[in-house]
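>>> Give me a 3D structure for the following:
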Amino acid sequence: MYGYHPVYYYQANTTDWMAVFDVGTYASDYFVNTNAYIKNERATQVTKVAVGGIIHKIFLQGKTIEDVILKYQRITGFQAVPPMWAFGWNQCKFGYYNSEIWWDAYEQYKTYNIPIDTMWGDIDYMDDYKVFTYSK
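Numbering: from 1, shown residues only. The predicted structure follows:
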């Protein structure tokens, strides 16, 4: 699925670990400046630019980073262990319009002895680019 769960972690001056989980659903860009100065002290500044929506952030705190990650996972769910093939080479490309193009790409991998574990399509399969659909 196309989605993301932006979170950033940092260690506070108190030695506690903190996290900010940004729950916004609109397209966003993040800019991280590690050379910022706030009140004449060096700091890291994270700036978010969004195209709309509301500001919805969740702040997490813990004694260790593991504590904070666990709190984050309780909100978003725990990551499943991916299948072994997912750790290998995945080929994905927009433009595989038919099976001939797929097979040609696969044959090129074989020709140059490049290992490949899986191939998958990007958005060519969708019905008018709508998620959870496929073209007829």
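>>> what's the neighbour count on Trp102?
16 (other CB atoms under 10 Å). Backbone N, C-alpha and C define where each C-beta goes, glycine included.
>>> Give me the pLDDT for the closest residue to it other than its chain neighbours.
Nearest residue to Trp102 in three dimensions, chain neighbours excluded: Tyr96, at 5.2 Å (CB to CB, 6 or more residues apart in numbering). Looking at Tyr96, its pLDDT is 82.
>>> for Tyr112, same thing?
Per-residue pLDDT puts Tyr112 at 96.
>>> Could you measure from it over to Asp29?
Using CB to CB, to the nearest Å, we find Tyr112 at a distance of 36 Å from Asp29.
>>> Could you tell me which ranges of the chain sit under the pLDDT cut-off?
1-3, 135-136 (pLDDT under 70).
>>> What residue spans form the domains of it?
7-76, 81-136 (automatic domain parsing).
>>> Span of the longest one from start to end?
The separation between the terminal residues of domain 7-76, taken as CA to CA, to the nearest Å, is 11 Å.
>>> next one: stretch 91-108
End-to-end distance of stretch 91-108 (CA to CA): 12 Å.
>>> List the buried residues for that stretch?
Residues of stretch 91-108 classed as buried: Gln91, Tyr96, Trp102 (neighbour count, 16 or more other CB atoms under 10 Å).
>>> so which strand or helix has the second one?
What it means is Tyr96. Using DSSP states H and E, no element contains Tyr96; it sits outside every helix and strand.
>>> try the last one
Under the criterion of DSSP H and E, Trp102 resides in helix 99-111.
>>> and that helix, how far from the chain's centre?
Its chain's C-alpha centre and that of helix 99-111 lie 28 Å apart, by CA atoms, centre = their mean, to the nearest Å.
>>> Buried residues of whichever helix or strand comes after it, list them for me.
Per DSSP H and E, the first helix or strand lying C-terminal to helix 99-111 is strand 118-121. By 16+ other CB under 10 Å, the buried positions in strand 118-121 come out as Met119.
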